[in-house]
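> Take a look and give me a structure for this.
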Amino acid sequence: MARAKSCSQSVPLFVSESHPIAVRAEVAAPNPFLSTLRYFRDEYEAHIKEKRCPALSSKDLIAYYIDPEKCKACLICLRKCPTNAIDGAKNKIHVIDQEKCTNCGTCIEVCPPRFAAVKKISGVPVPPPIPEDKRMILRKSKEDERRPSAD
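Modelled structure (predicted):
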């Protein structure tokens with residue numbers, strides 16, 4: 001069988017041995033890179049030019065961050081982190097050490113949905129951790145909740 005000299009020539013393709021089909025080569029074998037570039041150009045440009053992943057799926061271009069406003073210091077992410085990249089304690093807001101973090105996503109998977117404290121970010125710097133003296137969470141005791149307010 002002779003090879004096609006240009007993309008506009010017909011090239012026999014076989015559905016089965018007994019049924020050859022003549023199809024234009026440009027239709028039969030599209031370039032997957034050019035197809036994705038045509039339909040997802042903005043994604044490619046974001047990755048290459050802006051070093052960010054709009055889909056938040058490229059491990060090298062994302063970071064995980066614990067929102068101090070939402071963290072309840074439940075210790076779940078701290079215990080489950082395979083690289084011990086999370087610093088915290090009971091009643092102490094957790095912070096991810098970006099140098100140790102491998103972006104595995106375990107923290108975001110185990111953070112209880114009612115807190116939703118772990119965020120995936122890309123294309124922006126990770127906010128600095130809050131100062132150590134402001135990381136403690138003061139919880140009301142059961143006795144404080146039963147007392148009437150002095151208002």
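> only C-alpha atoms for contact and neighbour calcs from this point on.
Noted.
> any low-confidence regions in this structure?
Scanning the chain with the threshold set as pLDDT under 70 gives 1-29, 141-151.
> Please repeat the previous calculation with a cut-off of 90.
Applying pLDDT under 90 to the chain flags the ranges 1-40, 43-48, 56-59, 138-151.
> For it, just list every one of the helices.
Applying DSSP state H to the chain gives helices spanning 25-28, 32-39, 41-48, 76-80, 106-110, 142-146.
> And the fifth one, what does it pack against?
Packing contacts for helix 106-110, counted by 3 or more CA pairs under 8 Å, 6 or more residues apart in numbering; DSSP states H and E, involve helix 76-80, strand 118-121.
> Compare those and report which one is nearest to E45.
Proximity to E45, assessed across the helices and strands packed on helix 106-110 by CA to CA, is greatest for strand 118-121 (17.5 Å).
> any residues touching the closest one, and which ones?
56, 62-67, 107-108, 111 (CA atoms under 8 Å, 6 or more residues apart in numbering).
> Just the strands from the chain, written as ranges.
Assigned by DSSP state E, the chain shows strands spanning 10-16, 19-24, 63-66, 86-89, 92-96, 118-121.
> OK, contacts around I96?
Residues counted as contacts of I96 (CA under 8 Å, 6+ apart) are 64-66, 85-87.
> what do you get if the cut-off is 6 Å, keeping everything else the same?
Taking CA atoms under 6 Å, 6 or more residues apart in numbering, we find I96 in contact with 85-86.
> Any idea how many residues pack against the nearest residue to C71 once chain neighbours are set aside?
Closest residue to C71 apart from its sequence neighbours, by CA to CA, 6 or more residues apart in numbering: A117 at 5.1 Å. Other residues lying near A117 total 20 when counted by other CA atoms under 10 Å.
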